[in-house]
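Student: predicted structure and sequence below. I'll ask about it afterward.
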Amino acid sequence: MSKNSQVISFHFTPGELEALKAQQQSGESLSQTAQRLVRQSLGLSTESTPGSTFSLSTMSTEYVDNLIQLRLAPIEERLAHVEKLPA
């Protein structure tokens, strides 16, 4: 562990734990799964973990795609409304 790293700890409800287990890849511990998912959601690289199929470029692309979709949805809704207005 590097000098700049920090252990993060939190509790899951039974439902959250089941959701985490559903995301678990073969050979991963629950801690590794949580770490991979947090890094993925942040658009960061996951260090090699057993069964991990994510690369930095894949995660970055997914992260950017999610951000674009998030920003684009309200624009598409407004455009659909404008298109319905009489000319």
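Tutor: Here it is on my side, so go on. Numbers count the residues shown, from 1 in each chain.
Student: list the buried residues of stretch 6-20.
Tutor: Applying a neighbour-count criterion of 16 or more other CB atoms under 10 Å, one finds nothing buried in stretch 6-20. Just so you know, the C-beta spots here come from the backbone N, C-alpha and C atoms, and that holds for glycine as well.
Student: could you list the low-pLDDT ranges of this protein?
Tutor: Scanning the chain with the threshold set as pLDDT under 70 gives 1-2, 45-62.
Student: which elements pack onto the lengthiest helix in it?
Tutor: As assigned by DSSP state H, the longest helix anywhere in the chain is helix 56-84. If you count contacts as 3 or more CB pairs under 8 Å, 6 or more residues apart in numbering; DSSP states H and E, helix 56-84 packs onto helix 30-41.
Student: identify the residue nearest the residue nearest the centre of the chain in space, chain neighbours excluded?
Tutor: The centroid of the chain falls nearest to S41 when counting by CA atoms, centre = their mean (2.8 Å). Leaving out its chain neighbours, the residue that sits closest to S41 by CB to CB, 6 or more residues apart in numbering is Y63, at 7.7 Å.
Student: for that neighbour, give me its contacts.
Tutor: Q40, S41, L42, G43 (CB atoms under 8 Å, 6 or more residues apart in numbering).
Student: pull out the buried members of these.
Tutor: For the contacts of Y63, a neighbour count by 16+ other CB under 10 Å gives the buried set as Q40.
Student: adding distance to G27, write the contacts of Y63 out as TSV.
Tutor: Converted to TSV, the contacts of Y63 look like this (distance: CB to CB, whole Å):
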residue	distance to G27
Q40	17
S41	21
L42	22
G43	24
